[in-house]
Structure formats: structure tokens, C-alpha cells
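**Student:** here is the input, now give the coordinates:
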Amino acid sequence: GDLHWESGQWGRFLVHGKGARGSGPRHREAYLFEEGRALLWWYIEEVRAEFCDDPDNPDAPLFPSERIPQAVVALNVTTPAIAVTPSTFRRALKDAGHRFLAGPVTELHPHLLRHACATHNYERGMSLWEVQKLLGHDRPTTTVSYLATVHADPETASLAAAGRAVQRLVMDKGNLR
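**Tutor:** Residues are numbered from 1 along each chain as shown. Predicted coordinates:
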């Protein structure tokens, strides 16, 4: 139910976040990218269907746990799957970072992925305001603190945005929309 293939260019999914400084849970939409959509589609078609619950149920977890309580196993009945817990996901992400990353960053955690998303989108020309809205921040200063790169320079971004505006004007033959 949290995955929306039809939204955006490649789809969107809902992320259940914890919120900052006791502000309570925040739900945000995250955007799929082309390769991520293909990988997620493969997972749903080939792997997700192997679990014992009904994957077509919109309330079924996207990433169910393989661990089923012994009392439920003893009943020998089909039951709804139990979602992978946040702590299990964090531990798996951390283990994957240690196994596969060989650089300055070797320890992955979910929030680091938000920082990487902000940085990569900003470096590829998304405006600071657009990144701020994407991340669900109230203040641009919060978003700027997420940009962890020397390339995240407001002057460079401004020049890139101006270049894109010029291209649009040339393509539209000077017509402003």
C-alpha cells in the first residue's frame, strides 16, 4: 500500500520516519529512480511472492521478515507476514556497508541515505528549494546541512540554474510560461 508505481516518472513510495527532536512520526514520499524501480520490480515478481502471506494484500509488508513466532508456526496456518523491523533493517544496512564499501564511508545507516539523496540531487541541478521540499524540511538551513560535498556550492548551482533557464528560453523562442 505504500508503493505507488503510477506516481512520478518511475514511481514513489511512502517512508515512515521518526521525526526530529520529538516532533513525532513523519511520513514522506520518496522517489524511485530507473534502476531502483527495475530492482524493486524484480524483487516483487521473483522474491516477494515466496513468502507465506498474500503479497497482493495492500496491507502486506513489502519486506516481510522470515522469522515467524514459534507459537504461530505450531498452528501450521497461513498468517500475515511480519514486517522487517527498523532495527533489523539498520543492522542489515550497516553489515552491507562493511562488506561492500571500501571508501571513506563504510558504515551505512538510513539517515545517511537521505543525506546522499539530497547531495546527489543538488549536484545534478535540482534547486535548493526543490531538495528542501523533497526531504520535507521546513527551513532551507536544515537542507544545506545535508549537502555534504564541495560541489554543493550555491554559486555553482545558481549558474547551472541560469544555464537551464537560458536553454528553456531558447527552446521556447523567448516565450515565458
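
**Student:** what's the mean pLDDT across stretch 57-75?
**Tutor:** Across stretch 57-75, the average pLDDT comes to 71.

**Student:** so where's this structure uncertain?
**Tutor:** 17-21, 53, 66-82, 148-158, 161, 170-177 (pLDDT under 70).

**Student:** all strands for it, in order.
**Tutor:** 3-4, 12-17, 26-31 (DSSP state E).

**Student:** could you dump those strands to CSV with distance to V166?
**Tutor:** For every residue, glycine as well, the C-beta is placed using N, CA and C. Output for the strands of the chain, formatted as CSV (distance: least, C-beta to C-beta, whole Å):
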stretch, distance to V166
strand 3-4, 35
strand 12-17, 31
strand 26-31, 27
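
**Student:** now render those as CSV, adding distance to S65 and mean neighbour count.
**Tutor:** CSV is the format used below for these (distance: least, C-beta to C-beta, whole Å; neighbours: other C-beta atoms under 10 Å):
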stretch, distance to S65, mean neighbour count
strand 3-4, 18, 14
strand 12-17, 16, 15
strand 26-31, 21, 14
